[in-house]
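Undergrad: Output the structure for:
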Amino acid sequence: MDDIIKSAREIAMEKVEKLGQATEEERLSWKYQPLGETLAAKYLTDERNLLAELSQYKENEKKQVIEGAARVFIRTIGLPKNDTAKKKNRKIMDGLKLVKNDKVGVENVYSKLRYLFNHYEEQGEQQRQRAFQSLKADMGARLQKAVQQQMGTTMLPVPEIDVEKQPQFQQEWRKLQAQLDSAYLQHLNEYKQELAAIR
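TA: Numbering: from 1, shown residues only. Got it, this is the predicted structure:
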C-alpha cells in the first residue's frame with residue numbers, strides 16, 4: 001500500500017516539476033487580480049474613488065489589479081431591465097473608462113452598447129408588451145374553455161380568472177421573456193468580448 005501511495009506521490013511531483021516555475025507576472029496576477037475584483041465590487045456597491053485606490057499600487061501591481069477589476073466590470077454589465085440595472089451599468093461604464101487605456105476603443109464599444117440598451121428599452125419594451133398581452137389573451141381563452149368543459153356547459157357565465165396569477169402563465173411568460181431577451185444578450189456578450197480585448 002505504501003508503495004502505491006509513494007508512487008502516486010512521485011507521479012504528482014513529476015507532473016509539478018514538468019510545469020516549471022511560475023513567472024513573476026503569473027505570481028503577480030494570482031495575488032493582485034483578486035484584489036482588483038474586490039475593488040470593483042466595492043466600487044459598485046459604495047462610493048469608492050477608483051483612481052485613488054489604484055494609485056496605492058506599483059505599476060506592475062496596478063496592471064494586475066486593473067485586469068481583475070475590468071473582468072468584474074465587464075461580467076456585471078447587464079440588460080437595462082429596471083432603473084437599478086441602468087444605474088449600475090452607468091457606474092460600470094464609468095469605472096471601465098477609468099481603468100482602460102484605449103479610451104477611444106472603449107467609447108466605440110459604449111456607443112454600440114447605448115444603441116443596444118436604447119433599442120431594448122424602446123422597441124424591446126413594445127415587443128414584450130405585445131407578447132405579454134398575446135400570451136395573456138391566449139392563456140385566458142384556454143383557461144376559460146377548460147373551466148367551461150369542467151362545468152359541462154358553455155352557456156353559463158364563467159367566473160373571472162386572474163390569468164397573471166396562474167403559475168402556468170408565469171412560467172410561460174418567463175420562458176417567453178428569455179426568448180425575447182436572447183438576441184439582446186447575444187449582442188451584449190459580443191460587446192463584452194470587445195471590451196475585454198481592449199487594453
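
Undergrad: what does the model give Gln21 for pLDDT?
TA: For Gln21, the model assigns a pLDDT of 75.

Undergrad: And what about it, helix, strand or coil?
TA: Classification of Gln21 by DSSP: H, G, I helix; E, B strand; the rest coil places it in coil.

Undergrad: Tell me how far it lies from Glu14.
TA: Going from Gln21 to Glu14 by Cβ to Cβ, to the nearest Å gives 15 Å. In short, each C-beta sits where N, CA and C put it, glycine included.

Undergrad: just Leu143 next, same as before
TA: 67 Å.

Undergrad: Neighbour count: these two, which is higher?
TA: Between Leu143 and Glu14, Leu143 has the larger neighbour count (other Cβ atoms under 10 Å), namely 17 against 9.

Undergrad: Please enumerate the helices of this structure.
TA: 2-19, 24-45, 50-54, 59-76, 83-99, 103-121, 123-151, 167-197 (DSSP state H).

Undergrad: Pipe the ones you listed into CSV and attach distance to Glu160 per row.
TA: Formatted as CSV, the helices of the chain follow (distance: least, Cβ to Cβ, whole Å):
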stretch, distance to Glu160
helix 2-19, 69
helix 24-45, 45
helix 50-54, 54
helix 59-76, 43
helix 83-99, 33
helix 103-121, 33
helix 123-151, 10
helix 167-197, 15
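
Undergrad: now, of the ones you listed, which is deepest in the fold?
TA: helix 59-76 (a mean of 19; mean count of other Cβ atoms under 10 Å).

Undergrad: what's next to it, contact-wise?
TA: 25, 28-29, 31-41, 43-44, 50, 54, 57, 88, 92, 95-96, 99-100, 192, 195-196 (Cβ atoms under 8 Å, 6 or more residues apart in numbering).

Undergrad: give me the low-pLDDT residue ranges for this protein?
TA: The chain contains residues with pLDDT under 70 at 1-7, 9, 12-13, 15-20, 153-159.

Undergrad: care to break it down by domain?
TA: 1-76, 101-199 (automatic domain parsing).

Undergrad: Out of these, which is closest to Asp83?
TA: Nearest to Asp83, of all these, is domain 101-199, at 11.0 Å by Cβ to Cβ.

Undergrad: Return the distance of that closest one from the chain's centre.
TA: 17 Å (Cα atoms, centre = their mean, to the nearest Å).

Undergrad: If we ignore the residues flanking it in sequence, what's nearest Trp173?
TA: Nearest residue to Trp173, sequence neighbours excluded (Cβ to Cβ, 6 or more residues apart in numbering): Leu135, at 6.0 Å.

Undergrad: give the contact list for Ile77.
TA: Asn89, Ile92, Met93, Leu113, Leu188, Lys192, Leu195.
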